[in-house]
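[1] I would like to see how this sequence folds:
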Amino acid sequence: MIVSASATPGADVTPSAVLLVAAALASGLLLAGPALRHRFPVAWWFCLGFPVVWLRVVRTWRPLMAGCGLAVSRKAALTVVSGLIGNGAPPPLPRVPRRGPVLPTGGGFSLLVRLLPGQVPEDFVKAAPAMAHDWEVHAVRVTTWRPGVVRIVASAADPLKKPRLPRQRGSTELLRVTVGVLETGAQWVIDLRRVPHWLIVGATRSGKSTLINALVAGLARQPVALVGIDCKGGMELSLYGPRLSALATDRAQAVKLLGALVDLTLDRMTVCRDAHVRNVWGLLEEERPVPVVVIVDEIAELFLVASRGEKDEAQAAATALIRLAQLGAALGVFLVVAGQRVGSDLGPGVTALRAQLGGRICHRVADPGTAEMALGDLHPDALHAAQSISPEQAGTAVLASSDGWDRARSHLVTEAQAEEVAAEYAHLTPCLPELVGVVSGVEPDDPDIHIERLDREQ
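    Numbers count the residues shown, from 1 in each chain. This is a model prediction of the structure:
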């Protein structure tokens with residue numbers, strides 16, 4: 001029995017039908033694209049967004065390199081020879097930097113580029129805005145990957161526009177808090193075990209207090225002691241009163257509290273020395289003292305002086321902070337220092353303290369000197385990014401450490417949420433005997449302290 005070709009299944013499908021189906025699918029994707037992009041941004045990017053951008057990068061790479069001055073002309077002799085031998089053939093094309101494959105990320109893409117002789121990474125940094133415009137992406141970052149190679153990372157959209165709150169999970173790594181989102185789309189995590197001390201600067205309504213709220217709210221859920229120094233009468237940190245082991249609301253109280261913290265640190269040093277370990281993390285878990293996180297809000301209030309007596313207090317506070325920064329990382333005491341502006345005019349102790357704070361976060365600032373003080377010694381190329389933050393971008397900041405720098409935005413934690421967190425986790429507040437009565441003036445053996453502690457535990 002002979003079966004004709006026309007009887008084969010699918011043989012009657014005409015090219016026009018295929019085109020009609022393809023057009024219908026394309027129209028459906030165009031209509032449903034915004035909804036899919038909003039509900040499933042990562043899936044939309046991998047399925048639709050990245051292929052389009054990949055084609056754009058491949059097609060524009062050579063003219064883009066030439067337009068940005070990153071292409072190198074061939075030798076003049078080769079141009080002359082090609083004109084003589086080739087009977088008027090066009091001269092050889094200029095050499096362009098060789099790129100690696102374009103690899104997708106969760107919200108953009110990355111690629112490696114090998115530099116041509118005579119080129120430096122700064123040449124590509126200057127060309128980053130042109131790359132972003134040609135590829136129609138939100139931003140392009142260029143960093144050194146290794147000698148002779150740079151890494152280009154592009155973000156398709158602005159992840160800082162609407163940062164999503166992280167899900168609170170049952171188990172949280174100690175001293176590690178997710179406070180926002182990075183420009184790359186990754187979570188912004190502050191890990192005090194990795195970078196123990198931080199400096200946060202920002203003008204009024206720049207998002208500095210919001211970041212502190214996000215950090216303290218995350219730490220409040222962990223078995224750590226929180227100590228506050230808020231010389232503006234406690235207006236900011238008093239929201240977390242039930243969760244704080246101690247709170248100083250003026251400079252006199254702050255000097256006493258910082259002195260007690262130095263004594264606590266020296267006592268822990270003795271414990272580690274007797275146990276023959278180099279830090280508290282080498283102690284057995286049942287012997288390890290509770291970590292202490294000290295939050296200092298508005299550092300200028302500690303350093304500004306108007307009389308001889310205030311000068312002595314400011315010097316004492318500066319000395320204690322510097323000692324805590326030098327010794328605290330190994331002994332479980334961590335510093336988070338914040339202020340509207342930080343400059344050498346506040347006193348010589350500010351510069352010495354800044355040198356000990358390895359993590360820096362710079363929001364929108366009122367003067368370039370504060371941004372220079374925060375970022376200049378670590379990553380001078382981050383200064384432009386910090387100074388370009390507009391008042392409408394509240395919460396946006398530039399963070400820098402020895403690992404590099406990034407733009408980021410913190411999650412919004414309202415005052416009501418801060419008070420709820422403090423009340424919910426008040427039972428985790430440890431009682432530190434070294435700090436009892438230092439601020440309130442009550443003696444450690446006062447029975448009222450023990451009654452208060454019992455009430456808190458109940």
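[2] rest of the way, CA atoms for contacts and neighbours
    Noted.
[3] ok, and what's touching stretch 386-396?
    Applying Cα atoms under 8 Å, 6 or more residues apart in numbering, the contact partners of stretch 386-396 are 160, 205-208, 210-211, 362-365, 368, 371, 397-398, 407-411.
[4] wait, stretch 135-142
    Residues outside stretch 135-142 that contact it (Cα under 8 Å, 6+ apart): 53, 56-57, 121, 124-125, 128-129, 131-132, 150-158.
[5] same thing but 7 Å
    Contact with stretch 135-142 is made by 53, 56-57, 124-125, 128-129, 131-132, 150-158, as judged by Cα atoms under 7 Å, 6 or more residues apart in numbering.
[6] Among these, which lie within strands?
    Among the contacts of stretch 135-142, the members falling in strands (DSSP state E) are 150-155.
[7] that older thread, counting neighbours, which of the contacts of stretch 135-142 end up buried?
    Buried subset of these (neighbour count, 16 or more other Cα atoms under 10 Å): 53, 57, 124-125, 128, 131-132, 150-158.
[8] Out of those, which comes closest to residue 346?
    Nearest to residue 346, judged by Cα to Cα, of those is residue 125 at 34.5 Å.
[9] If we ignore the residues flanking it in sequence, what's nearest the closest one?
    Distances taken as Cα to Cα, 6 or more residues apart in numbering put residue 142 closest to residue 125, at 5.5 Å, once the chain neighbours are dropped.
[10] who's that neighbour bridged to?
    residue 152 (DSSP bridges).
[11] Could you measure from it over to residue 245?
    Separation of residue 142 from residue 245 (Cα to Cα, to the nearest Å): 44 Å.
[12] Check residue 216 too.
    Taking Cα to Cα, one finds residue 216 at 13 Å from residue 245.
[13] just residue 182 next, same as before
    As defined by Cα to Cα, residue 182 lies at a distance of 31 Å from residue 245.
[14] got any ranges where this protein has weak pLDDT?
    1-13, 18, 21-22, 24-38, 74-92, 162-172, 440-458 (pLDDT under 70).
[15] can you give me the strands in the stretch 251-400 of the chain?
    Under the criterion DSSP state E, counting those that start in this stretch, the stretch 251-400 of the chain contains strands at 292-297, 333-339, 359-362, 396-401.
[16] nearest to residue 105, of these?
    Between these, strand 396-401 lies closest to residue 105; by Cα to Cα that is 21.3 Å.
[17] Using PDB, write out every CA atom in the closest one.
    This file holds the C-alpha atoms of strand 396-401, laid out as PDB (Å, rounded to 0.1, in the frame of the first residue of the first chain):
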ATOM      1  CA  THR A 396      19.600  55.300  48.600                       C
ATOM      2  CA  ALA A 397      23.200  55.200  49.700                       C
ATOM      3  CA  VAL A 398      26.700  54.200  48.600                       C
ATOM      4  CA  LEU A 399      28.300  51.500  50.700                       C
ATOM      5  CA  ALA A 400      32.000  50.800  50.700                       C
ATOM      6  CA  SER A 401      34.400  48.400  52.400                       C
END
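[18] In the sheet, which strands lie alongside it, parallel or antiparallel?
    strand 359-362 (antiparallel), strand 404-410 (antiparallel).
[19] As JSON lines, these with mean neighbour count and distance to residue 385 would be great.
    Formatted as JSON lines, the strands paired with strand 396-401 follow (neighbours: other Cα atoms under 10 Å; distance: least, Cα to Cα, whole Å):
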{"stretch": "strand 359-362", "mean neighbour count": "28", "distance to residue 385": "10"}
{"stretch": "strand 404-410", "mean neighbour count": "22", "distance to residue 385": "8"}
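[20] mind checking which of those is nearest residue 308?
    Between residue 308 and the strands paired with strand 396-401, the tightest spacing by Cα to Cα is seen for strand 359-362, at 31.7 Å.
[21] what sits up against the closest one?
    Counting contacts by Cα under 7 Å, 6+ apart, the residues outside strand 359-362 that touch it are 195, 197-202, 371, 374-375, 386, 397-401.
[22] how about 8 Å then?
    Taking Cα under 8 Å, 6+ apart as the rule, strand 359-362 contacts 195-202, 371, 374-375, 386, 397-402.
[23] What of stretch 413-430?
    Outside stretch 413-430, the residues that touch it by Cα under 8 Å, 6+ apart are 210, 213-214, 217, 220-226, 239-245, 290, 456-458.
[24] Sort out which of those residues are in strands and list them.
    225-226, 244-245.
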